[in-house]
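Asks: Got a predicted model here, sequence first, then my questions.
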Amino acid sequence: MLPELETICPVEVVPLVRSKLRQCSDLLTSLLAGKSFIIERDYRPAMLSAVRKATEHFQPDVIHVDHLQMARFVEFGGSYRVVLDHHNFESMIIKRVGETAGSIATRMYARLEWPKLLRYELDVCRRCDLVLTVSEEDKAAIRAVDPSIQNIECVPIGVDVEHYQPVKRMEGSRKILHTGTMYWPPNVDAMLYFAREILPLIKQKIPECTLTIAGQRPVEAIRALARDPSISVTGYVEDDRAIAADCGVFVVPLRSGSGVRVKILNALAMGLPVVATSVGAEGLEAVHGEHLLIADSAQDLADAVVEVLSDPELAASLGFNGRKLVCEKYSWERVGERLLAVYSRFES
């Protein structure tokens, strides 16, 4: 990534090293100060110094802030305008974790954290000159909490449709696939929920089905699922296209989260049939039964997976329509056009 960036502009890297000791210290500080732990843990004086040095040298007209945590390093109301690229309604993610997490400790932490994160998040949105969300749902949710925040535009996440070409899927595959960062709490919760409550229901009708969970740094609870011989936990996969060819159905059983799931866009671009929860499919202009199947209860999710695995014509139709949707609305070219249009209006 760095070599490509350096062909466009100068790059200065500030390492963000996390450790259990550092996180414990940040957690204690945030509790005593009544501040958001998620924001406090990523503050680094070296980043603040680097940003100030860069702005003094380049004197930019606009600073594009990628992710909420980076807003701590810019000056609001200064010589430049600030655009926040807000990938998720961050406090909504933590609020949902507090409602769905299996761990009592995690639920307690989330219920303490999300109001503090919300206060910070809304304050930053008010102070920015422009806020970009990746979904109309996030845009509406922020305005519902604070109607005074009107400086919001929606620009969805894009996918490289040239890289993610349709795969030739293995006929009759019974493999259920999920990819994602497997230490991120919403993904962990989703796959524990799927393996424990949904997969047994699927096996009642398709006993030979298998589940593959791919993604970097799986936590112990996820690794432990591989004790079941029908479940494979691969860890990091360098190229997710390599494990897509024998995928019977791609599942996104999220119960918490926000924004748009890149994993779904990648799967749709590859022509994979997708089954997701309402939260998993949130933010996409996808129609149930046309581009993917949406279900929320454990039984309904199991039935949807069984339907896709048992009906090759349905699976092929979902894959074809999903690919078409991504090419029309979520390709890098289309998203780039929308982003440039927003900046053009912003400058005028």
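Replies: Nice, thanks for sending it over. As the structure is a prediction and not an experimental result, all values here were calculated from the model.

Asks: So, low pLDDT: which residues of the stretch 151-300 of the chain?
Replies: Residue ranges of the stretch 151-300 of the chain with pLDDT under 70: 257-260.

Asks: And the strands in it?
Replies: For the stretch 151-300 of the chain, the strands defined by DSSP state E, counting those that start in this stretch cover 152-154, 175-179, 210-214, 231-235, 249-252, 274-276, 293-294.

Asks: from those strands, which stretch is densest packed?
Replies: Burial of those is given as mean neighbour count (mean count of other Cβ atoms under 10 Å); strand 274-276 ranks first at a mean of 29. Where C-beta positions appear, they are placed from N, C-alpha and C, glycine not excepted.

Asks: residues in contact with that one?
Replies: Contact with strand 274-276 is made by 249-254, 261, 264, 267-268, 291-295, 301, 304-305, 308, 318, 322, as judged by Cβ atoms under 8 Å, 6 or more residues apart in numbering.

Asks: One more: stretch 171-178?
Replies: Residues from elsewhere that reach stretch 171-178 (Cβ under 8 Å, 6+ apart): 190-191, 194, 199, 202, 206, 208-215, 243-244, 246-253, 263, 272, 305, 309, 312.

Asks: What is the end-to-end distance of it?
Replies: End-to-end span of stretch 171-178 (Cα to Cα, to the nearest Å): 19 Å.

Asks: And for stretch 207-226?
Replies: Note: stretch 207-226 ends 17 Å apart using Cα to Cα.

Asks: Show me which residues of stretch 32-48 are buried.
Replies: Buried residues in stretch 32-48, counted by 16 or more other Cβ atoms under 10 Å: 35-42, 47.

Asks: now do stretch 266-278
Replies: 266-277.

Asks: Format the strands of the stretch 151-300 of the chain as TSV; extra columns: distance to residue 21.
Replies: Below are the strands of the stretch 151-300 of the chain laid out as TSV (distance: least, Cβ to Cβ, whole Å):
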stretch	distance to residue 21
strand 152-154	38
strand 175-179	31
strand 210-214	30
strand 231-235	25
strand 249-252	34
strand 274-276	38
strand 293-294	43
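
Asks: returning to that earlier point: what's the closest of the buried residues of stretch 32-48 to residue 283?
Replies: Residue 283 has its nearest neighbour among these in residue 38, at 20.7 Å by Cβ to Cβ.

Asks: helices or strands up against the one helix or strand the closest one maps to?
Replies: Using DSSP states H and E, residue 38 falls within helix 37-40. Helix 37-40 sits against helix 20-33, helix 104-127, with contacts defined as 3 or more Cβ pairs under 8 Å, 6 or more residues apart in numbering; DSSP states H and E.

Asks: among those, which gets the worst mean confidence?
Replies: Out of these, helix 20-33 stands lowest, with a mean of 77 (criterion: mean pLDDT).

Asks: mind exporting that helix as CSV, just the C-alpha atoms?
Replies: Coordinates of the C-alpha atoms in helix 20-33 are reproduced here as CSV (Å, rounded to 0.1, in the frame of the first residue of the first chain):
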residue,chain,number,x,y,z
LYS,A,20,-2.5,-5.1,26.9
LEU,A,21,-0.6,-2.9,29.4
ARG,A,22,-1.2,0.2,27.3
GLN,A,23,-4.9,-0.7,26.8
CYS,A,24,-5.4,-1.3,30.5
SER,A,25,-3.9,2.1,31.2
ASP,A,26,-6.1,3.8,28.6
LEU,A,27,-9.2,2.1,29.9
LEU,A,28,-8.5,3.3,33.5
THR,A,29,-7.7,6.8,32.2
SER,A,30,-11.0,6.9,30.2
LEU,A,31,-13.0,5.7,33.2
LEU,A,32,-11.5,8.2,35.6
ALA,A,33,-11.9,11.1,33.0
